[in-house]
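Trainee: From the sequence below, what's the structure:
(one chain, ligands or ions: 2)
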Amino acid sequence: MTPPSGEVRTLFSEAEISTRVDQIARDVADRIGADLLVVAILKGSFVFTADLIRALHRAGVRPQIDFMQLASYGMGTESSGQIEVIRDLTDPVEGRDVLLVDDILDSGRTLSFARDRLLRTGARRVQLCVLLDKQARRVQQVDADFVGFECPDEFIVGYGLDHANFYRELPFIGVLEDPPRV
Ligand code: IMP
Ligand code: MG
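Mentor: Numbers count the residues shown, from 1 in each chain. Ligands and ions are numbered 1, 2, ... in the order given. This is a model prediction of the structure:
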């Protein structure tokens, strides 16, 4: 597969991300108790989560980690209404305090689906942690408890975020110029 040709303009540098991730981890440590299950939504949040859990360690938190892979139907840069579970959790969530981690809060459909599902299956409390918040695009009313950066209404790649499964390896967060909107 040939990578897309769009230019990527840096929005948040590696150093800015690293500083912010440490701040979020300290915030989580202050506001969440000792029993913490981190649930990362794949694929987009794997880089953020990997840095966040090590920052949590530095902040004195000893979380357990699980993953849930979700997809919304459609291949474009806009998520569609329907969410599908591609890979489910393996740990029980009954009675757990969950920190649900995603790369970006956009329409809100993914996180509202995931949060409802965790609560339905018995989580005691679910708090939302997102690297980026694209408030302008919200369709479902969802507020994150922990936000890395407010984000402009542009298509973002890097640090785990993709376009057509490319760009996830970029160590910084950038705007993909002229992505095809579908
Ligand atoms: P939501 O369900 O519309 O809130 O979208 C959440 C998911 O859509 C994220 O987990 C991302 O995978 C994807 N997404 C939304 N906006 C962007 C973007 O600007 N760049 C890359 N992925 C995005
Ligand atoms: Mg994605």
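
Trainee: Where does pLDDT dip in the chain?
Mentor: Residue ranges of the chain with pLDDT under 70: 74-80, 180-182.

Trainee: Tell me the residues of the chain that contact ligand 1?
Mentor: Within the chain, the positions adjacent to ligand 1 are 44, 72, 79, 102-110, 155-156, 161-162 by Cβ under 6 Å from any ligand atom. C-beta coordinates here come from the backbone N, C-alpha and C atoms, glycine included.

Trainee: try 8 Å
Mentor: Residues of the chain lying near ligand 1 by Cβ under 8 Å from any ligand atom: 41, 43-45, 70, 72, 77-79, 83, 102-113, 132, 134, 137-140, 142, 151, 154-157, 161-163, 176.

Trainee: give the contact list for Tyr167.
Mentor: Going by Cβ atoms under 8 Å, 6 or more residues apart in numbering, Tyr167 touches Pro3, Val8, Val157, Gly158, Leu161, Gly174, Leu176.

Trainee: List the contacts of the fourth one.
Mentor: Residues counted as contacts of Gly158 (Cβ under 8 Å, 6+ apart) are Val8, Tyr167, Arg168, Leu170, Pro171, Phe172, Ile173, Gly174.

Trainee: ok, now the first one?
Mentor: By Cβ under 8 Å, 6+ apart, the contact set of Pro3 is Phe166, Tyr167.

Trainee: Can you classify it as helix, strand or coil?
Mentor: Look at Pro3: counting by DSSP: H, G, I helix; E, B strand; the rest coil, its state is coil.

Trainee: got a list of contacts for stretch 18-35?
Mentor: The contact list for stretch 18-35 (Cβ under 8 Å, 6+ apart) reads 12, 36, 48, 51-52, 55-56, 58-62, 96-97, 99, 127, 129, 145-146, 148-149.

Trainee: could you redo the last one with a cut-off of 6 Å?
Mentor: Here stretch 18-35 makes contact (Cβ atoms under 6 Å, 6 or more residues apart in numbering) with Asp51, Leu52, Ala55, Leu56, Ala59, Gly60, Val61, Asp97, Phe146, Gly148.

Trainee: Same question for stretch 42-49.
Mentor: Contacts with stretch 42-49, where a contact means Cβ under 6 Å, 6+ apart, come from Ala40, Phe67, Gln69, Val101, Asp102, Asp103, Leu131, Tyr159, Gly160, Leu161.

Trainee: Next up, identify which helix or strand the first one is on.
Mentor: Using DSSP states H and E, the secondary-structure element containing Ala40 is strand 37-42.

Trainee: Now do that strand: distance to the chain's middle.
Mentor: The chain centre lies 9 Å from the centre of strand 37-42; the measure is Cα atoms, centre = their mean, to the nearest Å.

Trainee: just checking, next helix/strand downstream of that strand?
Mentor: Sequence-wise, the next helix or strand downstream of strand 37-42 (DSSP H and E) is helix 46-58.
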